[in-house]
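# only geometry, no sequence info:
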């Protein structure tokens, strides 16, 4: 599996197109466009050094991870958005991106990675749990999953994840 490269600001149009195309099978075109708004150019302008892109031999984007290190909490990193070409899902591509991010975060002295998803995104919840993330306690539960009500505004509940990168986990990711 090819190693991901550091993202570049110039990747932004391709990543937006990927979001609109890759999620087009599960959303209307309008919903896919709205989803791509979660990936404004500023993320690559300010966090390209901590974001990753995987390309095929021809240079086409196959997968990406947009993440960053907290400016307020020196031990934390955050994964904001991840996308994998539907043809490659289930082949360990997202796992590879996460592991590369964990490794880089650990090398930068980060000991914790956070992420969020919506309560209805059962695939994302299962994936994060399989990657060793813990769900943070919320103010209610949905289908046995702790949820933070109104996390992103009224009616915008989220599941909040945390993964500690300490001890054996850091050694595992930094020795690859």
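That came in fine, so what should we check first? Just so you know, these numbers come straight off a predicted model, no measurement behind them.
# make it CA atoms for all contacts and neighbour counts henceforth
Noted.
# Model confidence for the residue nearest to residue 149 when sequence neighbours are not counted, exactly?
Nearest residue to residue 149, sequence neighbours excluded (C-alpha to C-alpha, 6 or more residues apart in numbering): residue 157, at 4.4 Å. According to the predicted model, the pLDDT of residue 157 comes to 96.
# Mind jotting down where the helices sit in the protein?
Ranges of helices within the chain are 12-22, 29-36, 42-47, 93-107, 122-130, 168-174, based on DSSP state H.
# Make TSV from these and add distance to residue 152 and mean neighbour count to it.
Below are these laid out as TSV (distance: least, C-alpha to C-alpha, whole Å; neighbours: other C-alpha atoms under 10 Å):
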stretch	distance to residue 152	mean neighbour count
helix 12-22	21	18
helix 29-36	14	16
helix 42-47	18	16
helix 93-107	24	21
helix 122-130	17	15
helix 168-174	30	15
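# Mind putting the ones you listed into a markdown table with mean pLDDT?
Converted to a markdown table, these look like this (pLDDT from 0 to 100):
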| stretch | mean pLDDT |
| --- | --- |
| helix 12-22 | 96 |
| helix 29-36 | 90 |
| helix 42-47 | 97 |
| helix 93-107 | 97 |
| helix 122-130 | 96 |
| helix 168-174 | 51 |
